[in-house]
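Peer 1: curious how this folds, go ahead:
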Amino acid sequence: MNEREKILQENFKEYLDYAERAFQEKKYNPALTLFFKAICAGVDLYIFLQTGEVPSSHTHRFRITQEKYSTIYELLDRDFPFYQNSYTHRMNKEAAEVLRNDAYKIKAMVERRKER
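Peer 2: Numbers count the residues shown, from 1 in each chain. Below is the predicted model of the structure:
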């Protein structure tokens, strides 16, 4: 594992761990935000494992996934509004669960990719 992959992996795990902790404490706004950050970190790791490149922004991440990984793009496209709304709305358990489930979907995709 090279240094870039290691950093991406550690960031993904850290966001996911703290998101899970906030979720268990029923702090749904920070949980949702951290699950989305975990999703993005996981997607960046997945893209890195596939292509050797890391997206430089949300826009770049969306463009890469739209062009190459439609399943991931659909997940990001659905989840991004939840993340945006978390700044101005109180989020509930159901919304946090959507992103939680998607973060674990990305985790499984990364793990399958690493097994190859």
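Peer 1: quick one: low-confidence parts of the protein?
Peer 2: The model of the chain has no residue with pLDDT under 70.
Peer 1: I'd like the next helix or strand past the host helix or strand of residue 81.
Peer 2: Residue 81 belongs to helix 70-85 when assigned by DSSP states H and E. Toward the C-terminus, helix 70-85 is succeeded by helix 93-115 as the next helix or strand (DSSP H and E).
Peer 1: what comes into contact with the helix holding residue 81?
Peer 2: Residues outside helix 70-85 that contact it (CB atoms under 8 Å, 6 or more residues apart in numbering) are 32-33, 36, 39-40, 43, 46, 58, 61-62, 65-66, 91, 95, 98-99, 102, 105-106, 109. Placement of C-beta: from N, CA and C, glycine included.
Peer 1: from the chain's centroid, how far away is that helix?
Peer 2: 9 Å (CA atoms, centre = their mean, to the nearest Å).
Peer 1: centroid-nearest residue for the protein?
Peer 2: In the chain, the C-alpha nearest the mean C-alpha coordinate belongs to residue 39, at 0.4 Å (CA atoms, centre = their mean).
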